[in-house]
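Engineer: model this:
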Amino acid sequence: MDDRDAAPALGYHTGYWSAGPPAGVAEAVAGADALGLDSVWTAEAYGSDAFTPLAWWGAGTRRVRLGTAVAQVDARTPTATAMAAMTLDHLSGGRAVLGLGASGVQVVEGWYGRPYARPLARTREFVAVVRQVLRREGPVRADGEFYRLPLPEPEGSGQGRALRPTLHPLRADLPVLLAAQGPRNVALAAEIADGWLPLFVTPSADERVREQLADGFARRDPRLRPPEAFEVVATVPVALGPDVESAADRVRPFVALYAGGMGAPGANHHRAALDRLGFAEVLDEVEARFRAGDRERAAAAVPTELVREVALVGTPADLTEQARRWSGSVATTLALQTDPADLPAVVGALRAAGLGGGADGAARPAAGQM
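Structural biologist: Below you'll find the predicted structure:
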């Protein structure tokens, strides 16, 4: 974790589905495995789920790790989430990675019908129950503010039993990673998780995020992997094009969506993360245009400087040059979000920069082999 000379591994992020399964992703997942990438990641919001694509697409892979980035905390109970992770881990031979996130108030209260209050405390309790299931040391019990097992009276009948999972986990220490944006959330990931799943983290913010992680490491449970083994899997948009500007045009709508539409006004964690990179003033215009329904002009207002800060854009030579700044950063893996057809060329360009195990495609071993 603190090896500043290390180059990050490479993963492939399939992104969110829109109206249907994204074209070419199944082939890209198989390609990621053949290319020797570290991992494949899926997402969920209020459409497709994160686990099913991993099981379906992952069935044809042999090496690549299969991770959720992220499974939403309020989409399932913690015991059901642990069941899904354990099942996938068995089916994949020890390659599952459980990435969790609290999502935002619009989705949690609008889609799941649950209060969004105190997301850090809710996440802490959720992970504690998941850990109990994975360790299978006894019947699962919880007496928290958000999760109580067995459910006591008067909410329950009083007849519920504390149960131990019938399934023996393949790995009691199956990795649990947390998506986080704000400083307190990042510190929580370092305290209770095996890794952090950031969006809009960049090498220029390296010292700041290392301080936030160190704050959490100081309170870390000694039963967890040591801080040196902590993962930082950063999602990075990548767009190939004939030049930087035209490639940046493919990323601007993505940034505009997250700055203007991924959260309620004043409660958008993604916008806050971008603000911390020094772009608050220009993002006021982006958000205003997006919320007014003018998505085209909102995207046009995203400056190339911001795109280059959070993404890799341009020709293969441009990507190679831009990727070099990630070496020695806090990121241990870059989860590349790119056109599936471009994945081989993108991987080649980044390996030319020394990322992802070099030209021979050597990747870190599967989690079950470490």
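
Engineer: can you give me the strands for the stretch 1-150 of the chain?
Structural biologist: 9-13, 39-42, 65-68, 71-72, 96-101, 142-143, 148-149 (DSSP state E, counting those that start in this stretch).

Engineer: nearest to Ala247, out of the ones you listed?
Structural biologist: Smallest distance to Ala247 across those (C-beta to C-beta): 17.6 Å, for strand 9-13. For the C-beta atoms, the positions are set from N, CA and C on the backbone; glycine is no exception.

Engineer: from the contact counts, what lies against the lowest-mean-pLDDT helix or strand in the chain?
Structural biologist: One helix or strand of the chain scores below all others by mean pLDDT, DSSP states H and E: helix 269-274, with a mean of 91. Judged by 3 or more C-beta pairs under 8 Å, 6 or more residues apart in numbering; DSSP states H and E, helix 269-274 is in contact with helix 252-260, helix 280-291.

Engineer: contacts for that helix next, please.
Structural biologist: 104, 181-182, 185, 199-201, 255, 258-260, 262-263, 280, 283, 287, 306, 310 (C-beta atoms under 8 Å, 6 or more residues apart in numbering).

Engineer: go again using 10 Å as the cut-off
Structural biologist: The contact list for helix 269-274 (C-beta atoms under 10 Å, 6 or more residues apart in numbering) reads 101-105, 119, 179-182, 185, 198-202, 205, 255, 257-263, 265-266, 268, 279-280, 282-284, 286-287, 302, 306, 309-310.

Engineer: what subset of the residues you listed is buried?
Structural biologist: 101-105, 119, 179-181, 185, 198-202, 205, 255, 257-263, 268, 279, 282-283, 286-287, 302, 306, 309-310 (16 or more other C-beta atoms under 10 Å).

Engineer: if you count residues, where's the longest strand of the chain?
Structural biologist: Assignment by DSSP state E gives strand 231-240 as the longest strand of the chain.

Engineer: now that one, how far from the chain's geometric center?
Structural biologist: 10 Å (C-alpha atoms, centre = their mean, to the nearest Å).

Engineer: what is the mean pLDDT for the helix or strand just after that strand?
Structural biologist: Next along the chain after strand 231-240, taking DSSP states H and E as the criterion, comes helix 244-249. Helix 244-249 carries an average pLDDT of 98.

Engineer: quick check: buried residues in helix 244-249?
Structural biologist: Buried, per 16+ other C-beta under 10 Å, within helix 244-249: Val244, Ala247, Ala248, Asp249.
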